[in-house]
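**Q** Below is the sequence, then the predicted model.
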Amino acid sequence: MSEETALMTQGLTKSYGKVRALGGVDLEVQRGEIFGYLGPNGAGKTTTIRCLLDLIRPNGGTVRVLGIDPQANPVAVRTRTGYLPGELQVDPNITVEGTLRYLNALRGNKADWGFVRQLTERLDLDLRPAIKNLSHGNKQKVGVVQALMHRPQLLLLDEPTLGLDPLMQREVLRLITEAKANGATVFFSSHIMSEVEAVAERVAIIRQGVVVEVAEPVSLINRALRRANVRFKQPVDISPLANVPGVTVLSRDDGTSVLLQVEGEMDGLIKALAAFPVSDFETERPSLEEIFLAYYEDDQKEE
Amino acid sequence: MMTIFRYTLRRFRGQILGWGIALALLCVLLILMYDSFATEQQFQELLEIYPSELTAFMGDFSTMATPEGWVSIEFFSYMPLILGIFGVLMGSGLLVSNEESGTLDLIMAHPVSRTALFMGRLLAFVTATVAILVIAWLGFIVSMTWSSMDIGWGRIWLPLLSLLAELLLFGTISLFLSMLLPSRRLAATTAGLLLVASFFITGLAKINEDLEPVAKLSPLNYYQTQEAFQGLNGTWLAGLLAAMVLFAALAWWCFQRRDIRVGGEGGWRLPSLPFRRSAG
């Protein structure tokens, strides 16, 4: 593990009785990186994050957070980390300000209260009401503020924009980007692909407790299936196109247009199309969401 | 640790005031009743016809006319059972109530060690229990100024100390059980049953010699009420406190090694019942 590594897991396993939550997770996140952790509910995202903070104890594997073993020195890890749980639960009878002050006291009053006010203003969060009177979205804002308020070196965010309206989602993503600009590492789980695509430099896809892919969002998109819509000047026989390796015909009409799915490079298709009277050629970039779903479709087929 | 302690104690203030004031009012009532009842001849005659089964639980009725006998029988005899419920509920919920509500997850994500959290909470529980007994004691000494009863403000602490040790013991037993069992409710129920069983076994052993060996295992066998006024058995008190420390240490040991649960994680996974399996 190099100095540049903020977070590392090797063969991380965790089971609850006979239920396997993590089946050997390998991850490496660099310092100053925004790293997205993708997977549907129950894939193991929250379990991984809770292992990183020593809230739960793995059955096997190695974990290092900012070079520290969380089981050996959990306080040192938590001092440097800001954590937003998937569902924020705090004492419902205390006000927002009381909650933030209490959590700050647990950190030895390290947070600058001026910065806390800046954060609450940007997120349009009123400090006066009791937590029990807050909407789900406002509770989430409390979670975001408490995670960021002490300017941690590492942010572990479990679904940071959950329950927020689109404007606030954008503001939270902006805060995450600013934290990175100030030198923080951000590890966040999500199942909203657009936000991961917007801010993450690399993503890991976790499926049934195993990381199945780690890549940059762009390379995942480039590597995945694309769609090509081809229109012809006159009706043609498209059967030669169906024989091009990696090309599948999705739909066709009277022979003047065809929708194709292309796996991998486009070179073979373009060479084959040279023999046709093409009037228009259009390709669609798949969204990260489609790529992500493809991993799960493959899994369902296996089952 | 002190932040945890202060916050937990603040959370307990409603219970401290509720239990403390209720006990203090009970003390006032009992002490004022002493002048009206205990010294009446007819009341003494009534006490003589009480069955031995009842006196086994309440204490020696022949001493009821004395101030020490009166407060022992009318207050201290059943107080472990009443206040024991407080101890059991507090102990079982000391960590697990936050765990079940999901709030412990965020607290533990802060730079607080498990030991500091455990000790802060335990210290708050001990302080809350002492505070309740101090309020009850104030009820005693204030009402004694309005009555002919004079036990002495210091002597009344002798049975109170024994009561404190019992409450702390049942609280830590409950805390230990909450670390082992899958829910707070189950831990509180089990500890509550132990408390009730201990009360009955200790009482019944006084009228049935066969139960004496079992009663020796009962924590309430070492609870001192009237006897405390004659001189507190220090060994018994130390024994209760040592048992309390043992259960607290066991609970701490378990807390160090377990997962912080959220939404039933780590609970007992009992096999599905046949009708539930077919329902799916």
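**A** Structure's in. What do you need? Residues are numbered from 1 along each chain as shown, chains lettered A, B, ... in the order given.

**Q** Can you name the residue of chain B nearest chain A?
**A** Here the residue of chain B nearest chain A is B:Gly102; by Cβ to the nearest Cβ that distance is 3.3 Å. C-beta here means a position set from N, CA and C on the backbone, and glycine is covered the same way.

**Q** In this structure that residue contacts A:Gly86, no?
**A** No. With contact taken as Cβ atoms under 8 Å, B:Gly102 and A:Gly86 are classed as non-touching, separated by 9.8 Å.

**Q** got the residues of the stretch 51-200 of chain B near chain A?
**A** B:101-103, B:105-114 (Cβ under 8 Å from any Cβ of the partner chain).

**Q** cutoff 6 Å now
**A** Within the stretch 51-200 of chain B, the positions lying close to chain A (Cβ under 6 Å from any Cβ of the partner chain) are B:Ser101, B:Gly102, B:Thr103, B:Asp105, B:Leu106, B:Met108, B:Ala109, B:His110, B:Pro111, B:Val112, B:Ser113.

**Q** Same list (those) but as a markdown table, adding pLDDT and secondary structure.
**A** Output for these, formatted as a markdown table (pLDDT from 0 to 100; DSSP: H, G, I helix; E, B strand; the rest coil):
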| residue | pLDDT | secondary structure |
| --- | --- | --- |
| B:Ser101 | 85 | helix |
| B:Gly102 | 84 | coil |
| B:Thr103 | 87 | helix |
| B:Asp105 | 88 | helix |
| B:Leu106 | 90 | helix |
| B:Met108 | 90 | helix |
| B:Ala109 | 91 | coil |
| B:His110 | 92 | coil |
| B:Pro111 | 93 | coil |
| B:Val112 | 91 | coil |
| B:Ser113 | 92 | coil |
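
**Q** Tell me which residues touch residue 256, please.
**A** Using chain A. Applying Cβ atoms under 6 Å, 6 or more residues apart in numbering or on different chains to A:Thr256 gives the contacts A:Phe232, A:Pro235.

**Q** was after chain B, sorry
**A** Counting by Cβ under 6 Å, 6+ apart, B:Gln256 has contacts B:Arg114.

**Q** cutoff 8 Å now
**A** Residues near B:Gln256 by Cβ atoms under 8 Å, 6 or more residues apart in numbering or on different chains: B:Arg114, B:Thr115.

**Q** most surrounded residue in the residues of the stretch 51-200 of chain B next to chain A?
**A** Of all these, B:Ala109 has the most neighbours under the rule other Cβ atoms under 10 Å in any protein chain shown, reaching 28 neighbours.

**Q** Quick check, that residue in contact with A:Leu53.
**A** Yes. Applying Cβ under 8 Å, one finds B:Ala109 in contact with A:Leu53, separated by 5.2 Å.

**Q** Do you have the helices of chain A handy? List them.
**A** Using DSSP state H, the helices of chain A run over A:45-52, A:74-79, A:96-106, A:113-122, A:136-148, A:166-181, A:193-199, A:217-223, A:239-242, A:267-273, A:288-302.

**Q** Quick one: closest of those to B:Gln226.
**A** Closest approach to B:Gln226 among the helices of chain A is made by helix A:96-106 (45.7 Å; Cβ to Cβ).

**Q** check contacts around A:Pro74.
**A** Contact analysis of A:Pro74 by Cβ under 8 Å, 6+ apart lists A:Leu53, A:Asp54, B:Ser113, B:Arg114.

**Q** Report the separation between the third one and B:Pro219.
**A** Counting by Cβ to Cβ, to the nearest Å, the gap between B:Ser113 and B:Pro219 amounts to 31 Å.

**Q** ok, now which ones touch A:Gln234?
**A** For A:Gln234, the contacting residues are A:Thr256, A:Pro277, by Cβ under 8 Å, 6+ apart.

**Q** Find the residues that touch each one of B:Ala109 and A:Leu53.
**A** A:Arg78, A:Thr81, A:Tyr83.

**Q** Within reach of chain B, which of those residues are there?
**A** A:Arg78, A:Thr81, A:Tyr83.

**Q** Quickly name whichever of those is closest to B:Phe76.
**A** A:Arg78 (45.7 Å).

**Q** picking up where we left off before, now, which of the ones next to chain B among the shared contacts of B:Ala109 and A:Leu53 sits nearest A:Gln10?
**A** Nearest to A:Gln10 among those, with distances taken as Cβ to Cβ, is A:Thr81, at 19.4 Å.

**Q** Give me the nearest residue to the closest one, chain neighbours excluded.
**A** Spatial nearest neighbour of A:Thr81, excluding adjacent residues (Cβ to Cβ, 6 or more residues apart in numbering or on different chains): A:Leu154 at 4.7 Å.

**Q** Could you report the pLDDT at the one you found?
**A** pLDDT recorded at A:Leu154 is 94.

**Q** Mind listing the residues bridging to it?
**A** Following DSSP bridges, A:Leu154 is listed with bridge partners A:Thr81, A:Thr185.

**Q** what's the neighbour count on it?
**A** Using other Cβ under 10 Å, A:Leu154 has 22 neighbouring residues.

**Q** Repeat that for the one 3 residues further on.
**A** Taking other Cβ under 10 Å as the criterion, the count of residues near A:Leu157 is 26.

**Q** and if you look at B:Val28?
**A** 17.

**Q** how long is stretch B:224-238 end to end?
**A** 12 Å (Cα to Cα, to the nearest Å).

**Q** List the buried residues of that stretch.
**A** B:Gln224, B:Thr225, B:Gln226, B:Glu227, B:Ala228, B:Phe229, B:Leu232, B:Trp236, B:Leu237 (16 or more other Cβ atoms under 10 Å in any protein chain shown).

**Q** Repeat that for stretch A:81-96.
**A** Buried residues in stretch A:81-96, counting neighbours by 16+ other Cβ under 10 Å, are found at A:81-91, A:94-96.

**Q** So, low pLDDT: which residues of chain B?
**A** Low-confidence segments of chain B, defined by pLDDT under 70, span residues B:38-62, B:263-280.

**Q** oh sorry, the question was meant for the stretch 151-300 of chain A
**A** In the stretch 151-300 of chain A (pLDDT under 70), the answer is A:221-224, A:285-300.

**Q** near chain B, which residues of it show up?
**A** For the stretch 151-300 of chain A, no residue is in contact with chain B (Cβ under 8 Å from any Cβ).

**Q** Are we agreed that B:Leu217 is in a helix?
**A** No. Assignment of B:Leu217 by DSSP: H, G, I helix; E, B strand; the rest coil gives coil, placing it outside any helix.

**Q** thinking again about what came up before, how about the shared contacts of B:Ala109 and A:Leu53 in TSV, adding distance to B:Leu123?
**A** Below are the shared contacts of B:Ala109 and A:Leu53 laid out as TSV (distance: Cβ to Cβ, whole Å):
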residue	distance to B:Leu123
A:Arg78	21
A:Thr81	27
A:Tyr83	26
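
**Q** Any chance of those in a markdown table with pLDDT as columns?
**A** Compiled in a markdown table, those are given as follows (pLDDT from 0 to 100):
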| residue | pLDDT |
| --- | --- |
| A:Arg78 | 93 |
| A:Thr81 | 94 |
| A:Tyr83 | 94 |
